[in-house]
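> Dropping the sequence and predicted coords here.
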Amino acid sequence: MQKFHIKKNDAVVVISGAHKGKSGKVLEILPVKQRAVVEGVAMIKRHLKKSQENPQGKILEREGSVQISNLMLQSRFDASKRTKKPAEAAKS
């Protein structure tokens, strides 16, 4: 079994890719694909056929998966923001 730097229910931030800057809670880890499902990130639309449960059919929106290497723990992200020094102003 692989060990990752994040686990289920951790608060994470997306640090690269199409969803950079978004944050949420980890709902599920997919170790075989090295991906994670994060709440509110990488939303995809799933079209459902007509059935007894959905007589009209519907479009369901749910979370897709994000590569684990694109995620960072929220606490580490905040700590790294505090330690970085702002760029020096205009040099003369």
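Great, that's in hand.
> Could you look up the next helix or strand downstream of the longest strand seen in the chain?
As assigned by DSSP state E, the longest strand anywhere in the chain is strand 23-30. Downstream of strand 23-30, the next assigned helix or strand under DSSP states H and E is strand 35-38.
> mean confidence score for the helix or strand following that following strand?
Downstream of strand 35-38, the first helix or strand assigned by DSSP H and E is strand 43-48. Across strand 43-48, the average pLDDT comes to 95.
> List the contacts of the helix or strand following strand 43-48.
Proceeding C-terminally, strand 43-48 gives way to strand 58-63 as the next helix or strand, assigned by DSSP H and E. For strand 58-63, the external contacting residues (C-beta atoms under 8 Å, 6 or more residues apart in numbering) are 27, 37-48. C-beta: built from backbone N, CA, C; applies to glycine.
> before we move on, back to that, also compute the angle for the longest strand of the chain relative to strand 58-63, please.
For strand 23-30 against strand 58-63, the angle between stretch directions is 100 degrees (axes from the mean of the first three to the mean of the last three C-alpha atoms, to 10 degrees).
> Show me what strand 23-30 is packed up against.
Helices and strands touching strand 23-30, by 3 or more C-beta pairs under 8 Å, 6 or more residues apart in numbering; DSSP states H and E, are strand 11-14, strand 35-38.
> Pull the contacting residues for the spatially most central residue of the chain.
The chain has Val38 as the residue nearest its centroid, 4.0 Å off, counting by C-alpha atoms, centre = their mean. Val38 sits next to 12, 14, 22, 24-27, 63, 66, 71 when contact means C-beta under 8 Å, 6+ apart.
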